[in-house]
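In: okay, sequence plus prediction incoming.
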Amino acid sequence: DNLSSVKNVILVLSGKGGVGKSTLSVQIALGLVHAGKTVGILDTDVCGPSIPKMLNLENASIYQCDQGWVPVFATDDKKLCAMSIAFMLGSKDEPVIWRGPKKTAMIKQFLTDVHWGEMDYLIIDTPPGTSDEHLSVVQNLKGRVTGAILVTTPQAVAVSDVRRELTFCWKTSIPVLGVVENMSGYVCPHCSECSLIFSQGGGEELAKQENLRFLARIPLDPNLANCCETGRNLIDVFPDSATLKPMMELQVQTDYCCKSR
Ligand SMILES: Nc1ncnc2c1ncn2[C@@H]1O[C@H](COP(=O)(O)OP(=O)(O)OP(=O)(O)O)[C@@H](O)[C@H]1O
Ligand code: SF4
């Protein structure tokens, strides 16, 4: 069993696209690595993989060992690795035009045929919604998911979409670690003042109503976007960023919630 030495499996879910699942998956992973953990990221967005770009691994490809595919290491100390369909494509502009069963089979292979090795955390970044990819993850992990992190933006429409993810978690018996509100205000690059662009507090309100843990409120921050473009950890590049405190809070809370399960 290629997952037998993986201590915690975290799903990152959202009802809407573009709310920051991949960004937060990568930043949580980098934070956990910073705290000395070994972490893997599985990109299950078969049609729109973005993890390789966010880890600066766009030109990487994978090879096989006796136990299966070897994930791509993102750091020299081999504490962070990733797997994505993008590593198998001939060119980064090649589209994946697959129907459900083929996507489902691919995700099954990611979970059974990748030699993840000893790992504290496997973070699974998912596409938006609740579709083939999500069902495939749940079916193949059969009760091995430690918990899900629900990502939302503050607006009412995004929060109502995340409620569907919550129902999905209940129906599939996945524990919910908590809710993150991303793009919650905008941090000015000149004076670090945080201005509210959308409303604020939708994610926190949802957490309160559903008796879930509110993990963090992460603002829109050009420095964070910059880190995502270049595969770098916010703490290494922008140690004075106003986003660092809530981001570290998210990383610490994630670790704590998994430990207390
Ligand atoms: N807090 C933030 N501050 C600045 N930019 C952000 C923030 N969160 C996300 N972004 C940017 O928004 C874009 C979308 O983010 P991301 O790809 O992480 O969303 P997603 O939910 O994974 O998208 P998809 O649904 O397509 O998988 C990216 O360019 C990312 O850099
Ligand atoms: S927040 Fe302050 S520094 Fe930033 S653009 Fe507005 S006025 Fe200028």
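Out: Looks like it arrived, so ask away. Ligands and ions are numbered 1, 2, ... in the order given.
In: up against ligand 2, what does the chain have?
Out: Residues of the chain lying near ligand 2 by C-beta under 6 Å from any ligand atom: 188, 190-191, 193. Yep, even glycine has a C-beta here, placed from its N, CA and C like the rest.
In: which of those residues sit farthest apart?
Out: Across those, the two members that end up farthest from each other (C-beta to C-beta) are His190 and Glu193, 8.3 Å apart.
In: looking at these two, which is more packed in?
Out: A direct count of neighbours by other C-beta atoms under 10 Å for His190 and Glu193 places Glu193 higher, at 10 against 6.
In: how about the helices in the protein?
Out: Ranges of helices within the chain are 21-34, 51-54, 100-112, 132-141, 156-171, 202-209, 222-230, 234-237, 244-259, based on DSSP state H.
In: so what's the residue count around Ser173?
Out: Neighbour count of Ser173, defined by other C-beta under 10 Å: 9.
In: just give the nearest non-adjacent residue to it, would you?
Out: Gly143 (7.3 Å; C-beta to C-beta, 6 or more residues apart in numbering).
In: what's the distance between the one you found and Ala156?
Out: 34 Å (C-beta to C-beta, to the nearest Å).
In: the two: who's more crowded?
Out: Neighbour count, other C-beta under 10 Å: between Gly143 and Ala156, Ala156 has more, with 11 against 8.
In: how about that one: what's its closest non-neighbour residue?
Out: Spatial nearest neighbour of Ala156, excluding adjacent residues (C-beta to C-beta, 6+ apart): Gly202 at 6.1 Å.
In: tell me who's in contact with the one you found.
Out: Contacts of Gly202 were listed using C-beta atoms under 8 Å, 6 or more residues apart in numbering, and they are 152-156, 158-159, 181.
In: of those, just say which sits nearest to Thr112.
Out: The closest of the contacts of Gly202, once distances to Thr112 are taken by C-beta to C-beta, is Thr152, at 31.1 Å.
In: hmm, Leu206 and the closest one touching each other?
Out: Yes: using C-beta atoms under 8 Å, Thr152 is in contact with Leu206, at 6.9 Å.
In: what's the overlap in contacts for those two?
Out: 159, 162, 179.
In: so which of these is the closest to ligand 2?
Out: Val159 (26.1 Å; C-beta to the nearest ligand atom).
In: hmm, Gly203 and that closest one touching each other?
Out: Yes: with contact defined as C-beta under 8 Å, Val159 counts as touching Gly203 (6.5 Å).
In: so these two - more neighbours on which side?
Out: For Val159 and Gly203, the more surrounded residue by other C-beta under 10 Å is Gly203, and the numbers stand at 28 against 24.
In: with adjacent residues omitted, what lies nearest to that one?
Out: Gly203's closest residue in space is Glu181 (C-beta to C-beta, 6+ apart), at 3.1 Å.
In: now for the one you found: which residues touch it?
Out: Taking C-beta under 8 Å, 6+ apart, one finds 152-154, 200-204, 214, 216-218 in contact with Glu181.
In: next to ligand 1, which bits of the chain? Give me the list.
Out: Checking the chain against ligand 1 by C-beta under 6 Å from any ligand atom, the hits are 14, 17-23, 45, 48, 50, 127-128, 182-183, 218, 220-221, 224-225, 228.
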